[in-house]
Every structure is written in structure tokens, then in C-alpha cells.
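[1] Predicted model, plus sequence, below.
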Amino acid sequence: MTAINTCKILFIAVTLILAIICPLSAQGPKRNRGEGIYQLPSSNTSGLQNIWVTLRGTGFLWANKSLDSTEQKPGIFPFGELYSEIGVTQWASLLFESRVFSYTRNGWFQFGNVVAGTKLTLPNNKELRFWGIGLESKYIWNNTNDTFPSLAGYRAGTTGFAPEGYIVSGSNIQIKMINDFDLISLYSWLPVKAGVSLGIRIPLQKAEYVFNQYLFDIGVSYFGPGYDFFVMYSLEALNNLTSPLLVTNLPQGRRTQIAFSENPMYLTIGGKVRYDNGIALSLFIPFLMSQNYGSSMTRDDLRALNESTSPGSKFYDEHQKGLTDPFDPWYAKWKIVGEISFPILYKQTGSEMMRNFLLMKNQDKSRKIDIDEQLRAGAIRDSIEASAQDSKQRIEDIKKRREELQKP
């Protein structure tokens, strides 16, 4: 069975599941208190006796930019992922995640990774809070082998630059500090949330060329009664904030460098539709924001790099560092990400009960205002019509009296 046929089967299965569960309803809106926005996690946790599951599909087009190939044929890359958050206390959750279907090998999807972790927050989350702080820690085991598609062949064994960024096979530790601000707790008419996270991803493997990654996410979202909208920026940076990072130990003794603007960075827009029984359908579209610095992966720049032996030449500084190959951020230019999330076990938390109350209250208030305006407009219209009717009646009465007086 080829990868395309497998994708067709998965698409049909997901469509059937959505057709069955979407019409279902429950007693009231169900919300996950620990819900984040795409890659930006929430500082809060799901809550005791809550189990939420998310199924995610990611797809994009990508063509390997390599000097060894004269043609760049775009390939289709579809992935399937599973995510779950389990509330073990009111201030702690367990996290499980896996990319079940990853890059293909000989037409077959391969298992991508498995992730286990925890998320902790302050125990002041029983009610809506303006400022929240959380700590997310994960153990990541990447199953990526040495056949994954690599940026210009910059891959040493199972370490390299894939279409989505830099990856290291084996064990990784990831830690994120999360802060967010929930404005509805101060202004009931403003259901807006803003968040920021700082983190680090540390590969435990020390072979080949292995670097830590520094993670940054920031976003703002509108949480409506039945729909959400958000925008966020994400960055996965190497240690190249002040100067480009020199990358050695590449295959065949090659050397390159990566500038800060060439790190994987995406601007993501998205939205979500909610159902009363807790089912939520989401769509995210990340756009690549990375920019090339210095020489790029073209034959002309490669020739110019090798010939830049005198001061003032085009890539003299790079040549002086002993670079043999250019680099540019030839990652996926955009992605399409779809999600469906739903509760397996659910117990409403006090904060989300209050959120639903405020959203419904503001919704009812807007309806009442509309009704009042309509009634007021109707009363004015009736008054004008009544006045016009009275004037018409008076004119007719005057005419009748005049006719009676003119009679002999």
C-alpha cells in the first residue's frame, strides 16, 4: 500500500468519524482549561478527572534544494499525530504525544516519535486569573532514521535539517516556561488571551553534529462562545543570536554556517469551532518567516564562495572561516494543520464555568440591546404613523364641517 493510498483511507475514516460525532450535543459547553493555541501551550492544566484527546493531521509541499539535482520536484508530506492531556490534580497534568505517521520509506509511513511529559501551574487556578504561569517538561524520543529528506543533504546519520527544521534522533529533553494573560478576568466583555513561552530542547545524543535549540512562542487569541481566532509566532533557534553558528562534521568534511534569521520561524494564523459536547475542530496555517543571510544554496553562490579569496570579494568573510557550502532556510514555506479534539472524561472546572457564564451573559446582553433598539425604533415609527393618521383624520373632519356649513 503506497503512502497516497494510506492517506486516502485515513481521510475517509476521519470524515466518517466527524460525520457521526459532530451532530451530537451535550448539556452545556465543555472547555479544556489547559488548552493552548497550536505550539503555544497554556499555563493552565486540564483539571482533575479530565482526559482530553487531540488528533492532528499536518500536510505541506516541499522540494529538496540541492546542488546535486537540476530539478526540484515538490513532494507531498502528510503526517498524523496524537496528543492527550490528563489532569491528575487541579494544578498538574500528564502529557502524551506521538507522531504516529511520519516521513515515508519505500512508500510506507514510518513511526515518528513518542513524547511523555508533565505540566505544572500555581494552585490559584480554581477561578479565572489574569496572569498565569506554568512549567512544561517533556521527554522526546525521535525514531527518525538516516533516510529522512534533508536540506541540501546536510545530514550526518540521523541528525540534520529536515523540511520542518533541525532534528536529532534518539532522546531529547524539552522544557518550557509559560506565561499568559486572560483579559476576560478583568473585562468581561473582552474574551482575549495573550501568551508567551521560553524553552530549550536538549538532545542527549552527542554523536555527529548536535546542538541545543532555544524555543520561543508568542500569540494572542480570541475565545468566543463557539469559535476562536488566533495568531502566533514561533521560533526554534540554534546558538546563533549574536553571530552565525559554524556547522562542522558534515558529510565529506563540508562546513557551513547558520545565521539567526535562518532559524526555523513561522507565523501561524488559525481558528477553531466548538460544539457543546466538547468537540472542537481547528485549522492552522503556518507561514515561513525565515530569511537567508549571506550565500545561498545556488551554483553561482557556491562558485563565488570558493573564489572569494581576496578582501572585498563577495563572500570573503565566509571563505575566511573555511566554509565549503552555502546555507539558506529552505524549509516548508507553509503548512496546513487540521485538528479534532474531544474529552474522554470530563468534569467542568470553576474557571471554565465562569468563562461560559461571562460569554453567555455578554451574548445575551448584546441581544437585549438589539431588541431594545428594535422596540425603540418601532415605538418611534408607530408614533410617527399615529401622528400622520391623526393629521389625516383632522383634515377630513374639517372638510366635513366646511361642507355642512355651506349647505343651505
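    Thanks, I have the structure now. Everything quoted here is computed from the prediction, not taken from an experiment.
[2] could you pull out the helices for the stretch 301-408 of the chain?
    With DSSP state H, counting those that start in this stretch applied, the stretch 301-408 of the chain shows helices at 316-320, 350-406, listed in chain order.
[3] for the stretch 151-300 of the chain, what spans make up the helices?
    In the stretch 151-300 of the chain, the segments counted as helices under DSSP H, counting those that start in this stretch are 299-307.
[4] related to what we said a few turns ago, and the helices of the stretch 301-408 of the chain, which one's lowest on average pLDDT?
    Within those, confidence is poorest for helix 350-406, with a mean of 68 (mean pLDDT).
[5] how about the residue nearest to residue 81 when sequence neighbours are not counted, what does it touch?
    Spatial nearest neighbour of residue 81, chain neighbours left out: residue 56 (4.2 Å); criterion: C-beta to C-beta, 6 or more residues apart in numbering. (Glycine included, C-beta is placed from N, CA and C.) By C-beta atoms under 8 Å, 6 or more residues apart in numbering, the contact set of residue 56 is 80, 81, 82, 83, 337, 338, 339.
[6] if we take the residues you listed, which one ends up nearest to residue 124?
    residue 83 (25.9 Å; C-beta to C-beta).
[7] Please work out how many residues are found near that closest one.
    Residues within reach of residue 83, counting by other C-beta atoms under 10 Å, total 17.
[8] Now do the contacts for it.
    Residue 83 makes contact with 53, 54, 55, 56, 95, 96, 97, according to C-beta under 8 Å, 6+ apart.
[9] next one: residue 34
    By C-beta under 8 Å, 6+ apart, the residues touching residue 34 are 41, 42, 44, 45, 46, 47, 50, 52, 85, 87, 93, 119.
[10] let's go with 7 Å and repeat that
    42, 44, 45, 46, 85, 93, 119 (C-beta atoms under 7 Å, 6 or more residues apart in numbering).
[11] what about it, which SS state?
    Following DSSP: H, G, I helix; E, B strand; the rest coil, residue 34 is assigned to coil.
[12] Let's see the pLDDT reported for it.
    Predicted confidence (pLDDT) for residue 34: 94.
[13] Report the spatially nearest residue to it, omitting neighbours in sequence.
    Closest residue to residue 34 apart from its sequence neighbours, by C-beta to C-beta, 6+ apart: residue 46 at 4.1 Å.
[14] So the one you found is in contact with residue 92, correct?
    No - using C-beta atoms under 7 Å, residue 46 is not in contact with residue 92; the gap is 9.6 Å.
[15] can I assume residue 347 is in contact with residue 49?
    Yes - with contacts counted by C-beta under 7 Å, residue 347 reaches residue 49, the gap being 4.3 Å.
[16] rewinding a little: pull out the buried members of the contacts of residue 83.
    Neighbour counting with 16 or more other C-beta atoms under 10 Å marks 54, 55, 56, 95, 97 as buried within the contacts of residue 83.
[17] Kindly reformat those residues as CSV containing secondary structure, distance to residue 213 and pLDDT.
    Converted to CSV, these look like this (DSSP: H, G, I helix; E, B strand; the rest coil; distance: C-beta to C-beta, whole Å; pLDDT from 0 to 100):
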residue, secondary structure, distance to residue 213, pLDDT
54, strand, 23, 97
55, strand, 26, 97
56, strand, 21, 97
95, strand, 19, 98
97, strand, 17, 97
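[18] okay, and for the chain, where does confidence drop off?
    Judged by pLDDT under 70, the chain has its weakly predicted residues at 1-28, 66-73, 364-395, 397-399, 401-408.
[19] about what we covered before: from the contacts of residue 56, which single one is nearest residue 65?
    Distances from residue 65 to the contacts of residue 56, taken by C-beta to C-beta, are shortest for residue 337, at 23.2 Å.
[20] which residues sit in contact with the closest one?
    Going by C-beta under 7 Å, 6+ apart, residue 337 touches 56, 58, 284.
[21] can you list those in JSON lines and add distance to residue 192?
    Formatted as JSON lines, the contacts of residue 337 follow (distance: C-beta to C-beta, whole Å):
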{"residue": "56", "distance to residue 192": "25"}
{"residue": "58", "distance to residue 192": "27"}
{"residue": "284", "distance to residue 192": "18"}
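[22] now, which of those sits nearest residue 319?
    Nearest to residue 319 among the contacts of residue 337: residue 58, at 38.9 Å, using C-beta to C-beta.
[23] partner residues bridging that closest one?
    Residue 58 has these beta-bridge partners by DSSP bridges: residue 79, residue 337.
[24] residues near it, how many?
    Here the count is done by other C-beta under 10 Å, and residue 58 has 20 residues near it.
[25] now swap in residue 360 and tell me
    Neighbour tally, residue 360, other C-beta under 10 Å: 13.
[26] in stretch 121-130, what's buried?
    Using 16+ other C-beta under 10 Å as the test for burial, stretch 121-130 gives 121, 125, 128, 129.
[27] dump the residue contacts of the last one.
    Taking C-beta under 7 Å, 6+ apart as the definition of contact, the neighbours of residue 129 are 182, 185.
[28] How about the third one?
    Residues in contact with residue 128, defined by C-beta under 7 Å, 6+ apart, are 182, 184, 185, 351, 354, 355.
[29] repeat for the first one
    For residue 121, the residues meeting the contact criterion (C-beta under 7 Å, 6+ apart) are 43, 44, 45, 91, 132, 133, 134.
[30] Return the member of the residues you listed nearest to residue 172.
    residue 134 (20.2 Å).
[31] And the closest one, how far from residue 124?
    According to C-beta to C-beta, to the nearest Å, residue 134 stands 12 Å off from residue 124.
[32] Kindly report the same for residue 111.
    Using C-beta to C-beta, one gets 40 Å for the distance from residue 111 to residue 124.
[33] can you check residue 288 too?
    Distance of residue 288 to residue 124, given as C-beta to C-beta: 38 Å.
[34] ok, now residue 235?
    Distance from residue 235 to residue 124, by C-beta to C-beta: 30 Å.
[35] one step back: burial count for the residue nearest to residue 34?
    29.
[36] what do you get for the one 4 residues further on?
    Neighbourhood size, residue 50 [other C-beta under 10 Å]: 26.
[37] before we move on, what about residue 261?
    Neighbours of residue 261 under the rule other C-beta under 10 Å: 16.
[38] so it makes contact with residue 289?
    No - Residue 261 is beyond contact range of residue 289, at 9.0 Å (criterion: C-beta under 7 Å).
[39] Having no further points to raise, I will conclude here.
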